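Peer 1: Here is a sequence together with a model predicted from it:
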Amino acid sequence: MNVLSYPLRYLNLKDESGRALFLRNGLAAILIAIILTLPFGFTDANYFGDKGFLDRFGGFSAVLTGFYIAALVGIASFAPSIGDLDEQIEVGKITRIDDDGESENLTRRQYVCSMFGYLSFVSLFISVFAIFSAIFSSFHVIDIIFNVAGFRINFSFVIYLLAIFFINLIISHMVVTTCHGLYYLIDRLYAKKPKLLLRE
């Protein structure tokens, strides 16, 4: 088990149709990433530099990391009597492959812990990456990379936009997954199966 990449196991979770969860969120994440990328293709907006988009979002992401970790600790320590936390999800099943290679149905607690563990990891990664990006931009490393001798201007610009799109795709997937996490915290986490009561 690689502890550095363990939170990314969330991406291998599958829904009841056998589709990976990151594909379930894929279309929304791609659309948000395109919207975030377009301004940097048609204007001279600052993305990688100091006080640019990535730098500012990195600061916001650092705050989000604390929220995600607090949510993770809270969910992990909720009493079993709150909802059916430790019962397997019956509607909208989520499965994963365990260490023995067997398919395992997740409980609500396992699913939400996996989700917020992933979100904590991604937000921390974005924060650290934004710091390094701001440092490199101060030495014009980004400009050097995208203006290497021999590259045509158009080709360099395409690589620049693809790099921005890829980073925005990570950001947008974090946003969409956060919406799923909030939905579970607001509603699904506390849902209980209806019980029939006998007449006295």
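Peer 2: Arrived safely.

Peer 1: where does the chain have low pLDDT?
Peer 2: The chain contains residues with pLDDT under 70 at 1, 81-84, 138-156, 188-200.

Peer 1: Which stretches in it count as helices?
Peer 2: Taking DSSP state H as the criterion, the chain carries its helices at 21-24, 26-42, 53-77, 108-138, 141-145, 153-186.

Peer 1: just checking, what packs against the fourth one?
Peer 2: Packing partners of helix 108-138 (3 or more CB pairs under 8 Å, 6 or more residues apart in numbering; DSSP states H and E): helix 53-77, helix 153-186. (C-beta placed from N, C-alpha, C; glycine too.)

Peer 1: nearest to Asn25, of those helices?
Peer 2: helix 153-186 (4.6 Å; CB to CB).

Peer 1: most packed of the helices of the chain?
Peer 2: helix 108-138 (a mean of 20; mean count of other CB atoms under 10 Å).

Peer 1: where's it relative to the chain centroid, distance-wise?
Peer 2: 8 Å (CA atoms, centre = their mean, to the nearest Å).

Peer 1: of all the helices and strands packed on helix 108-138, which lies closest to Ile30?
Peer 2: helix 153-186 (6.8 Å).

Peer 1: re the thing from before, got a markdown table for the helices of the chain, with distance to Ser5 too?
Peer 2: Formatted as a markdown table, these follow (distance: least, CB to CB, whole Å):
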| stretch | distance to Ser5 |
| --- | --- |
| helix 21-24 | 14 |
| helix 26-42 | 20 |
| helix 53-77 | 17 |
| helix 108-138 | 9 |
| helix 141-145 | 26 |
| helix 153-186 | 15 |
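
Peer 1: Near the nearest residue to Ser103 once chain neighbours are set aside, how many residues? Count them for me, please.
Peer 2: By the measure of CB to CB, 6 or more residues apart in numbering, the closest residue to Ser103 outside its immediate chain neighbours is Thr95, 5.2 Å from it. Applying other CB atoms under 10 Å, we find 18 residues neighbouring Thr95.

Peer 1: Without its sequence neighbours, what residue ends up closest to the residue sitting nearest the centre point of the chain?
Peer 2: Closest to where the C-alpha atoms of the chain average out (CA atoms, centre = their mean) is Met174, at 3.0 Å. Spatial nearest neighbour of Met174, excluding adjacent residues (CB to CB, 6+ apart): Val122 at 4.9 Å.
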